[in-house]
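Asks: sequence first, then the predicted structure:
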Amino acid sequence: MPPTQPSKELQVFPNPAPERDYVIRFDVPEFTCLCPLTGQPDFAHFTIEIVPDKLCVELKSLKLYFWSYRNEGAFHEKVTNTILEDLVKAIKPRFLRIHGNWFVRGGIGTHVTVEHRAKGWKPAAPVVLPAPQA
């Protein structure tokens with residue numbers, strides 16, 4: 001069996017509960033790519049929050065997708081926006097937010113947050129429960 005290779009292909013599967021809004025959260029703490037100016041490695045921790053519609057993204061393909069950036073040069077803002085665009089294209093979610101926490105280089109840390117909302121989608125009002133009594 002050949003070893004696993006990085007891939008830009010995102011596999012999907014049917015949402016098991018399309019009748020309701022719910023949040024899927026992924027933490028990707030080991031993202032790497034290259035600085036397009038210096039060629040030095042850049043490291044980031046991504047948090048992805050998805051309210052799926054008809055499709056969900058398969059985790060192994062998401063891992064291989066993130067791995068595919070390892071030897072690519074890209075600016076933080078471009079990478080974060082491209083990941084959002086690729087996920088929206090693959091699963092067409094109701095809502096998607098990606099937060100990239102880019103680690104400090106040269107004394108500066110960068111945080112990039114991007115969002116997508118399907119046309120007409122509005123989140124339900126949050127439920128506020130009373131504090132528990134001791």
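Replies: On my side now, so go ahead. Numbering: from 1, shown residues only.

Asks: for the residue nearest the centre of the chain, phi and psi?
Replies: Centroid-nearest residue in the chain, with CA atoms, centre = their mean: residue 48, separated by 3.8 Å. When quoted as degrees, to the nearest 10, the phi and psi of residue 48 stand at phi -120, psi 130.

Asks: give me the beta-bridge partners of it?
Replies: With DSSP bridges as the criterion, residue 48 is bridged to residue 26, residue 98.

Asks: surely it touches residue 23?
Replies: No - between residue 48 and residue 23 there is no contact under CB atoms under 8 Å: 10.3 Å. Any C-beta I mention is one placed from the backbone N, CA and C, and that applies to glycine too.

Asks: for the longest helix anywhere in the chain, name the packing helices and strands.
Replies: The residue-count maximum for a helix in the chain (DSSP state H) belongs to helix 76-91. Contact here means 3 or more CB pairs under 8 Å, 6 or more residues apart in numbering; DSSP states H and E; on that basis helix 76-91 packs against strand 41-51, strand 55-57, strand 95-105, strand 108-117.

Asks: of all the ones you listed, which lies closest to residue 69?
Replies: strand 41-51 (9.4 Å; CB to CB).

Asks: which positions in that closest one come out as buried?
Replies: 42, 44, 46, 48, 50, 51 (16 or more other CB atoms under 10 Å).
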